[in-house]
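Peer 1: Sharing a model prediction with you, sequence too.
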Amino acid sequence: MTAEDVQHVVLAAIGNQWDRWSADGLSLKDCVVLPPRLETYVSHTSDGSFPFSLWLVVEESPVTHDGYEVFYDPDENNFGLGAVGKDGERQYMGNFGSLWNTLEGM
């Protein structure tokens, strides 16, 4: 899947709801990452650490690059939540299904 393909998925998920705000006041006009970027998110479990290549599509804080991030998982065809740790490593927090479910989970 290319960045352009992912961008189409994101824009379709947003539709005409660009003015819709998330529960924490996130403005999509300011926070959607265009074009999306392929990033590595790491899931830490009792069985070890597992990296996933996922598409960064929304940054809660696009200026400072901290806070929550929304990613798109093309293998699961859904969206999930991540965050950048203090060490700069992107943490995988889980898939939430739709873009709107993920934004409400922030």
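Peer 2: Happy to help now that I have it.
Peer 1: From here on, just use CA atoms for contacts and neighbour counts.
Peer 2: Noted.
Peer 1: what's the distance between D87 and E60?
Peer 2: 18 Å (Cα to Cα, to the nearest Å).
Peer 1: Looking at those two, which is more packed in?
Peer 2: For D87 versus E60, neighbours defined as other Cα atoms under 10 Å are more numerous around E60 (23 against 6).
Peer 1: For that one, what is the enclosing helix or strand?
Peer 2: Using DSSP states H and E, E60 sits in strand 48-61.
Peer 1: who does the helix or strand just after that strand pair up with?
Peer 2: As assigned by DSSP H and E, the chain's next helix or strand after strand 48-61 is strand 66-73. In the sheet, strand 66-73 lines up against strand 48-61 (antiparallel), strand 78-84 (antiparallel) (DSSP bridges).
Peer 1: Turn those strands into a markdown table, columns for mean pLDDT and distance to G94.
Peer 2: Below are these laid out as a markdown table (pLDDT from 0 to 100; distance: least, Cα to Cα, whole Å):
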| stretch | mean pLDDT | distance to G94 |
| --- | --- | --- |
| strand 48-61 | 95 | 11 |
| strand 78-84 | 95 | 5 |
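Peer 1: Quick check: bridge partners of the residue nearest to the spatial centre of the chain?
Peer 2: The structure's the chain has its C-alpha centroid closest to V70; by Cα atoms, centre = their mean the separation is 1.5 Å. Taking DSSP bridges as the rule, V70 bridges to V58, L81.
Peer 1: A strand includes N95, no?
Peer 2: Yes - under DSSP: H, G, I helix; E, B strand; the rest coil, N95 sits within a strand.
Peer 1: in the top helix by length along the chain, what's buried?
Peer 2: Ranked by residue count and defined by DSSP state H, the top helix of the chain is helix 3-14. Neighbour-count burial for helix 3-14, counted by 16 or more other Cα atoms under 10 Å, picks out A3, V6, Q7, V9, V10.
Peer 1: Sweet, I'm off.
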